[in-house]
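> Next one to model:
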Amino acid sequence: GAKFVLFLLCRRVKDETVQVLARDHLNDVFMNALGIMGAVLGDRVASWIDPLTAIILAAYITRVWGATAYEHIIAMVGLSADPYYLQKLTFLSANHHPSILQVDTVRAYTFGKRLFAEVDLVLPGEMTLRDAHDIGESLQEKIESLPEIERAFVHLDYETNHRPEHRSSTSNYG
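Take a look at the predicted model:
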């Protein structure tokens, strides 16, 4: 009974983590009920019902936890966002400010249930640092206001034909 009461309480809270707890409590209610039913029927009707119930419960638990693990692995590996969503970010970035000469790169990838976004913009080389900063920061805030975005990174440059700006993955240490 306590798990069912916890399920009812958790179901009212509109938080993703609490909703997971609600689902877990309801699963516990069903699993315990099925386990008790299997044990009673195994004792009173036919002895093979109890082990069959145990096999069914084990298969169900394996399936549910496997699906949950798969969902979390997919969310953690940083899969690229849907191409349509990348187009949306590109359009939003290109039309953000009239001084933007070009959108060089747009990336968005999973980070848990939401996305990280990276946008590389090309601005005029003679633009002041203050103006460039304000354009980049306001675009970052606009992108981060989208419900799918966890965090946005906006990189500003004055040209697109440049050598890699980060050291290669080979380390010069130890």
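> make it CA atoms for all contacts and neighbour counts henceforth
Will do.
> With adjacent residues omitted, what lies nearest to the residue nearest to the spatial centre of the chain?
When C-alpha atoms, centre = their mean is applied to the chain, the residue found nearest the centroid is Lys113 (2.1 Å). In space, and not counting its chain neighbours, Lys113 is closest to Ala75: 6.2 Å by C-alpha to C-alpha, 6 or more residues apart in numbering.
> circling back to that earlier point, distance-wise, check the residue nearest to the centre of the chain relative to Ser93.
According to C-alpha to C-alpha, to the nearest Å, Lys113 and Ser93 sit 23 Å apart.
> and if you look at Ala132?
From Ala132 to Ser93 the distance is 14 Å (C-alpha to C-alpha).
> Kindly state the beta-bridge partners for Arg114.
Phe111 (DSSP bridges).
> Can you verify my assumption that it contacts Ile149?
Yes: with contact defined as C-alpha atoms under 8 Å, Arg114 and Ile149 form a contacting pair (5.6 Å).
> still on that earlier bit, the residue nearest to the centre of the chain touches Val77, doesn't it?
No: in this structure, Lys113 is not within contact of Val77 by C-alpha under 8 Å, at 11.4 Å.
> so what's Ala94 up against?
Ala94 makes contact with Ile100, Gln102, Val103 under the criterion C-alpha atoms under 8 Å, 6 or more residues apart in numbering.
> which one of those residues sits closest to Leu6?
Lowest distance from Leu6 to the contacts of Ala94 (C-alpha to C-alpha) belongs to Val103, with 50.1 Å.
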